[in-house]
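Enquirer: Next one to model:
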Amino acid sequence: MQRELRSVRPRHDDPELPDDITSQDLDRIARNELKTLSKDNAEAVGRHLAMAARVIDEDPELAHRHVLSAARRAGRIAVVRESLAITAYATGDFALALRELRTYRRISGSNDQLALMVDSERGVGRPDRALELGRSVERASLPASVQVALAIAMSGARLDLGETEAALSELEIPQLDPKTAFSYSAELFAAYAEVLGELGRDDEAELWNERAERADAAVSGVTDFDETMEILEIDEEEIDEKESDDTDTDTDTDTDTDDDDATDVSDEESANDADDSTDEAEHDAQASPRA
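Expert: Next comes the predicted model:
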């Protein structure tokens, strides 16, 4: 009787791990979170997480299986629950993604995956709740990349409700600046172009799609556009050295430390004043996909 009443966990066979994958393939922050585990367990969990990151674009189902293996060994580690949410989202299991994102936020205290939570609410058919969730956190408290991802998700929720003008307004945020390219700019510009197209403003949509291409090219280092695009490469180490030198010589600087990956891009209509409009960068957290 005791055996009959015992709860049974669904069977899960660990997917195979190639010999060349190690926990060192994870970023430093993730590895630090795993230090609370035993050495052998940390290595096993780290290998599954690293493998999931390797294959998620080509095979999200396999990535999800790897993270499930990690979660069975380290279910109380924030990065594990975050990874489980991301792979669940990638496979279209929005209910599981939402549940895991709530757990991740409770463990970590972080709102960095708020946009993915909003998109997951959309995925389960609750755009009204998605908007309510997106408004529950002060935007200014979020990193710029998270603000952008959240704006895109909120715009999508507005589109779900048929509120196209409001969807456009959600995207009209300070980061919608065609003169400066960040890692998140191309996605923001493309989202803006899409909503403009929904409104029948095709000429403007074409312009913003072009700006999205320029931003993507500037950030990726591809410069197959004409001379109207200006790129300023910013090296983090060089900035740190410059700030150190300026401090030693008591020279004031006007350096903004919000983002590390800014690239200046001038449009055709702003080519002449591009030299006067260099913006410094904000740290890019992780971008969030759009449902």
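Enquirer: In the stretch 1-150 of the chain, where is pLDDT below threshold?
Expert: 1-12 (pLDDT under 70).
Enquirer: and the gap between the residue nearest to Ala78 when sequence neighbours are not counted and Ala149?
Expert: The shortest distance from Ala78 to any non-neighbouring residue, by CB to CB, 6 or more residues apart in numbering, is to Ser108 (4.0 Å). C-beta coordinates here come from the backbone N, C-alpha and C atoms, glycine included. Using CB to CB, to the nearest Å, Ser108 is found at 17 Å from Ala149.
Enquirer: out of the two, which sits in the busier spot?
Expert: Ranked by neighbour count (other CB atoms under 10 Å), Ser108 and Ala149 place Ala149 first, with 28 against 16.
Enquirer: what helix or strand is the more buried one on?
Expert: In the assignment (DSSP states H and E), Ala149 maps to helix 144-160.
Enquirer: Next, work out how far apart the residue nearest to Ala78 and Leu101 are.
Expert: Distance from Ser108 to Leu101, by CB to CB: 10 Å.
Enquirer: who touches both of these two?
Expert: Shared contacts of Ser108 and Leu101, defined by CB atoms under 8 Å, 6 or more residues apart in numbering, are found at Glu82.
Enquirer: so where do the helices sit in the stretch 51-200 of the chain?
Expert: 60-73, 78-90, 94-108, 114-123, 127-134, 144-160, 164-171, 185-198 (DSSP state H, counting those that start in this stretch).
Enquirer: remind me, longest helix of this structure?
Expert: In the chain, assigned by DSSP state H, the helix with the most residues is helix 202-220.
Enquirer: Which elements pack onto that one?
Expert: Under the contact definition 3 or more CB pairs under 8 Å, 6 or more residues apart in numbering; DSSP states H and E, helix 202-220 sits against strand 180-181, helix 185-198, strand 263-264.
Enquirer: Out of these, which is closest to Ala166?
Expert: Closest to Ala166 of the helices and strands packed on helix 202-220, according to CB to CB: helix 185-198, at 9.7 Å.
Enquirer: Pull out the buried residues from the closest one.
Expert: Using 16 or more other CB atoms under 10 Å as the test for burial, helix 185-198 gives Ser185, Ala186, Glu187, Leu188, Phe189, Ala190, Ala191, Tyr192, Ala193, Glu194, Val195, Leu196.
Enquirer: Pretty sure the last one sits against Leu168.
Expert: Yes. Taking contacts as CB atoms under 8 Å, Leu196 lies within contact range of Leu168: 7.0 Å.
Enquirer: Look at the closest residue to Arg54 other than its chain neighbours and say how many residues are nearby.
Expert: Among residues not flanking Arg54 along the chain, Ile21 sits closest, at 7.1 Å (CB to CB, 6+ apart). A count of nearby residues for Ile21, using other CB under 10 Å, gives 17.
Enquirer: And for Lys35, the neighbour number?
Expert: For Lys35, using other CB under 10 Å, the count is 9.
Enquirer: Need the three-state assignment for it.
Expert: Secondary structure, DSSP: H, G, I helix; E, B strand; the rest coil: Lys35 is helix.
Enquirer: and the gap between it and Asp128?
Expert: The gap separating Lys35 from Asp128 is 41 Å, by CB to CB.
Enquirer: now Ala115
Expert: 17 Å.
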